[in-house]
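Colleague: Sequence and computational prediction follow.
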Amino acid sequence: MSLDARLVVERDGFRLDLALHVPPGEVVALLGPNGAGKTTALRALAGLLPLTDGHIRFGDAVWDAPDAFRRPEQRTAGVVFQDHLLFPHMSTVDNVAFGVRARGASRVVARERAQAWLDRVGLAEFAARRPGALSGGQAQRVALARALATEPDVLLLDEPLAALDAGTRLHVRAELGRHLDTFGGCALLVTHDPVDAMVLADRLVVLEHGTVVQEGPPVEVARRPRTDYVADLVGLNLHRGTARGTAVSIDGGVFIVPEPADGPVHVAFAPSAVRLHRERPAADAWPVEVVGVEPHAHATRVRLSGRPSVLADVPAATVADLRIGPGDRLWATVDVTAVAVYA
Ligand SMILES: Nc1ncnc2c1ncn2[C@@H]1O[C@H](COP(=O)(O)OP(=O)(O)OP(=O)(O)O)[C@@H](O)[C@H]1O
């Protein structure tokens, strides 16, 4: 059964309007900048926030609609929040058993299932510990076990890895990925982190100001960003221009692209595809001024203003060779084979 929703939530001048259809087995990542409405969407799905308008249905069951509202415990959803919210006075196994009990299982069945799930997340020996005696990564895995132990139809994950340090995050992400692969229900993951989204999700839905600005498979979104936020997220230069054949006018300059097009287009390319020169090397080079130089991964990232302005990742040797520094005037070219052009 699928999750089908149109989430409209209005409050204090903010409006979320998001249509979602998630078939069983699909993992959807909701991405977006601060205040885009991601948590609002998740809270509405969990039943912690009523809709202003729209509906939430799982199969034939109506979770929210103008004339119906199911409380959180009446929805077959499992929720994992960033701060995992385990009960501090209960043992780990009781924390996991709690949700199972709340859905009507006997104490014995709930404990058995909780113990089995702790085993699956590799924490069997921590069953008797209180949450205060667990590390952040362990607590997050307990929260995941607690959500999955209820055998939810819909799994809602709100920044489940955000509170973890980089090393722990890597492990918990891999483990979460394994559980999501075998999870047969619908999963929604809210995240700021493009890596989490790319690794864990089958589909990305990008929200800005409460509305969807782009959605699609991760590879597609990463190759063809449609907003500055998405371009920044996936680390590409993005420009909008008007194409006439292989010439695209962008910001008053002319940019040569590999494939002819006509009309309004997006032009995207990686900073590593930009080449910098002291002397004008070719007719398609354009003048740029260096406005920033900073280390970036294994290269140096150079911010350049011009028509268009771009980011360039250049090897340290090139920076030294050209003596690149703020205020320098250089020429830029782009490896055209690395340029994506799309309407
Ligand atoms: N309790 C609240 N009462 C009124 N407005 C709220 C409340 N919580 C959030 N908002 C507003 O709703 C909008 C969306 O917030 P939301 O927390 O859903 O965004 P988000 O995409 O999850 O952001 P973040 O990435 O910062 O967590 C924001 O404008 C926010 O100020």
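Modeller: Great, that's in hand. Numbering: from 1, shown residues only.

Colleague: Start and end of stretch 74-93, how far apart?
Modeller: Start and end residues of stretch 74-93 are separated by 23 Å (CA to CA, to the nearest Å).

Colleague: in it, what counts as buried?
Modeller: Residues of stretch 74-93 classed as buried: 75-82, 84, 86, 91-93 (neighbour count, 16 or more other CB atoms under 10 Å). No exception for glycine: its C-beta is placed from N, CA and C like everyone else's.

Colleague: same thing with stretch 102-120?
Modeller: Ala105, Ala110, Arg111, Arg113, Ala114, Gln115, Trp117, Leu118, Arg120.

Colleague: Quick check: chain neighbours aside, which residue is closest to the first one?
Modeller: Counting by CB to CB, 6 or more residues apart in numbering, Ala105 lies nearest to Arg113, which is 7.0 Å off, once chain neighbours are set aside.

Colleague: Distance of that neighbour relative to the ligand?
Modeller: Using CB to the nearest ligand atom, to the nearest Å, Arg113 is found at 31 Å from the ligand.

Colleague: average model confidence for the helix or strand containing that residue?
Modeller: Using DSSP states H and E, Arg113 maps to helix 107-120. Mean pLDDT, computed over helix 107-120, is 92.

Colleague: packing partners for that helix?
Modeller: helix 92-102, helix 136-149 (3 or more CB pairs under 8 Å, 6 or more residues apart in numbering; DSSP states H and E).

Colleague: so can I have CSV of the ones you listed showing mean pLDDT and distance to the ligand?
Modeller: Below are those laid out as CSV (pLDDT from 0 to 100; distance: least, CB to the nearest ligand atom, whole Å):
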stretch, mean pLDDT, distance to the ligand
helix 92-102, 91, 23
helix 136-149, 88, 17
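
Colleague: now the ones you listed as CSV including distance to Leu330?
Modeller: Below are the helices and strands packed on helix 107-120 laid out as CSV (distance: least, CB to CB, whole Å):
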stretch, distance to Leu330
helix 92-102, 59
helix 136-149, 46
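
Colleague: what about Leu49, neighbour count?
Modeller: Leu49: 18 surrounding residues under other CB atoms under 10 Å.

Colleague: oh, I was asking about Asp12
Modeller: Neighbours of Asp12 using other CB under 10 Å come to 4.

Colleague: Appreciated, that's everything.
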